[in-house]
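Trainee: With the sequence up front, the predicted model follows.
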Amino acid sequence: MTTSGSTPASPAQAGDGRSTGRAGAPGRAGQPARLDRRLIAVMAVATGSSVANNYYAQPLLPAIAHSLGTSSALAGLVVTAAQVGYALGLVAVLPLGDLVERRRLVVVLSLSTAAMLTWMGLSPTIAWLLPAALAVGSASVLAQVLVPFAAGLASQDERGRVVGMVMSGLLVGVLLARTVAGWLAETGSWRVVYFAAAAAMVAQAGLLAWRLPRWHEPAALSYPRLLASMVDLLREEPVLRLRSAFGLISFATFSVLWTSLAFLLARNYHYSAGVIGMFGLVGAAGAGAASLAGRLADRGWQWRNTGVATVLLFGSWAALWAGGRSLGALVAGLVVFDFAVQGLHITNQSEIYRLRPEARSRLTAAYMFLYFVGGATGSVLSAALYSAMGWDGACLAGAALASLALLTWVGASLVSRQTAR
């Protein structure tokens, strides 16, 4: 592990207990250096703001459809395009963190995202908006570059805490994106959201360039071989395949819900974009589930976590379907739903990170690629079925996908018992 540049001491040295310069602070004699809390906070906020770019559109879909004179089905494809772009970025961009200097990479990605967000804000038609959303999604993979970057900067005894704090930033970004988008849209137009987000990414690029240390961790593989190795990991690791299947299905249900929810709230309840965005705060339950699932996984309860999460995921759709007529049922369903999705996601990650520590970035890329394939599939299904059948159609798709997750858990449990005999 080597560093480049002239910054004082390297992140690798942090793990050895020596001074980390800007990256951290010297520890006491005989103790490892601790990563600067301010730097952790900067990385957590940057992770959250980067991933938020993929979720701003969800409460804005009715306004986008009206402004551009397009259908709800086509407007819903903005979410799909962002998720497809993110999946492509996970495959094509994330592995670059093992090949190029990471500080430079995150600054370039921040500025690229700002340019693409400006493109979204200026788009005159849906034909311009969709490729812009695809490009924003690809650049927003910066969030996944920062998590292993933080892990590398941290010393061994604090790595779990640091990664947990940065991941909490990601969850808060997903949580607040819809709320912030709704509030900003109330000031004038949905375009304001993307101009403000672009300005924030430019400011973020400057802050990261100032605060992050230089870090270069060249892989022994070439770039094409690095990409191909992700396929090898999927072929060789059954746990990765199973957890990727759970991730794909659960994020498909997530996209089914959040792609159609804005239309439901606008048409059935006549809420503005600002009020629609407030429903993102219900996801606070998901952040709590992430913490709980992580602690239980450390105790060896991963499979129980998975079973409980899939049961709750399936059951939540009954309340969500009733939410078409009852606001109380809708809120209750959202709380249970987000709790299940986030709990399952963290359990999945805890399992795949146990497999091959030396290939953690590629394991993440393979899992997250399939995760966002599921998200894109769910948003397409949701947009099409909502246009054809309304909220009932979206709930039918969501419940069907959730039942598939539950059946996968039951089937894997039966196979495991048969194998154990």
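Mentor: Thanks, I have the structure now.
Trainee: Might you report the residue contacts of the closest residue to R191 other than its chain neighbours?
Mentor: Computed as C-beta to C-beta, 6 or more residues apart in numbering, the closest residue to R191 that is not its neighbour in sequence is G121, at 4.5 Å. All C-beta spots, glycine's among them, are computed from the backbone N, C-alpha and C. Contacts for G121 were tallied using C-beta atoms under 8 Å, 6 or more residues apart in numbering; they are 191-195, 198.
Trainee: Just the buried ones out of those residues, please.
Mentor: 191, 193-195, 198 (16 or more other C-beta atoms under 10 Å).
Trainee: Need those in a markdown table (columns: distance to R37 and pLDDT).
Mentor: Output for the buried ones among the contacts of G121, formatted as a markdown table (distance: C-beta to C-beta, whole Å; pLDDT from 0 to 100):
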| residue | distance to R37 | pLDDT |
| --- | --- | --- |
| R191 | 37 | 92 |
| V193 | 31 | 91 |
| Y194 | 32 | 93 |
| F195 | 32 | 94 |
| A198 | 29 | 95 |
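Trainee: Which two among those residues are spaced furthest apart?
Mentor: Maximum pairwise distance among these (C-beta to C-beta): 10.7 Å, between R191 and A198.
Trainee: Setting aside sequence neighbours, what's the nearest residue to L146?
Mentor: T47 (4.8 Å).
Trainee: meant to ask about L96
Mentor: Here the residue nearest L96, using C-beta to C-beta, 6+ apart, is L105, at 6.0 Å.
Trainee: I'd like to know which of the contacts of G121 are part of helices.
Mentor: 191-195, 198 (DSSP state H).
Trainee: Which helix or which strand is home to the closest residue to A273 other than its chain neighbours?
Mentor: Spatial nearest neighbour of A273, excluding adjacent residues (C-beta to C-beta, 6+ apart): A185 at 4.0 Å. Using DSSP states H and E, A185 sits in helix 159-186.
Trainee: same question for that helix, mean pLDDT?
Mentor: Mean per-residue pLDDT for helix 159-186: 75.
Trainee: Could you check how far it is from the centre of its chain?
Mentor: 9 Å (C-alpha atoms, centre = their mean, to the nearest Å).
Trainee: how big is the angle separating the strand or helix carrying the residue nearest to L146 from helix 159-186?
Mentor: If you go by DSSP H and E, T47 is part of helix 37-52. For helix 37-52 against helix 159-186, the angle by axes from the mean of the first three to the mean of the last three C-alpha atoms, to 10 degrees is 50 degrees.
Trainee: residue ranges of the strands in the stretch 201-350 of the chain, please?
Mentor: Under the criterion DSSP state E, counting those that start in this stretch, the stretch 201-350 of the chain contains no strands.
Trainee: for it, which spans come out with low pLDDT?
Mentor: Along the stretch 201-350 of the chain, segments meeting pLDDT under 70 span 215-223, 226, 283-300.
Trainee: Just the pLDDT at the most centrally placed residue in the chain, thanks.
Mentor: The centroid of the chain falls nearest to V51 when counting by C-alpha atoms, centre = their mean (5.9 Å). Note on V51: pLDDT of 87.
Trainee: Does it touch V145 like I think?
Mentor: No - contact criterion C-beta atoms under 8 Å: V51 and V145 do not qualify, at 11.3 Å.
Trainee: since we're on N305, how many residues are nearby?
Mentor: The tally of other residues near N305 (other C-beta atoms under 10 Å) stands at 23.
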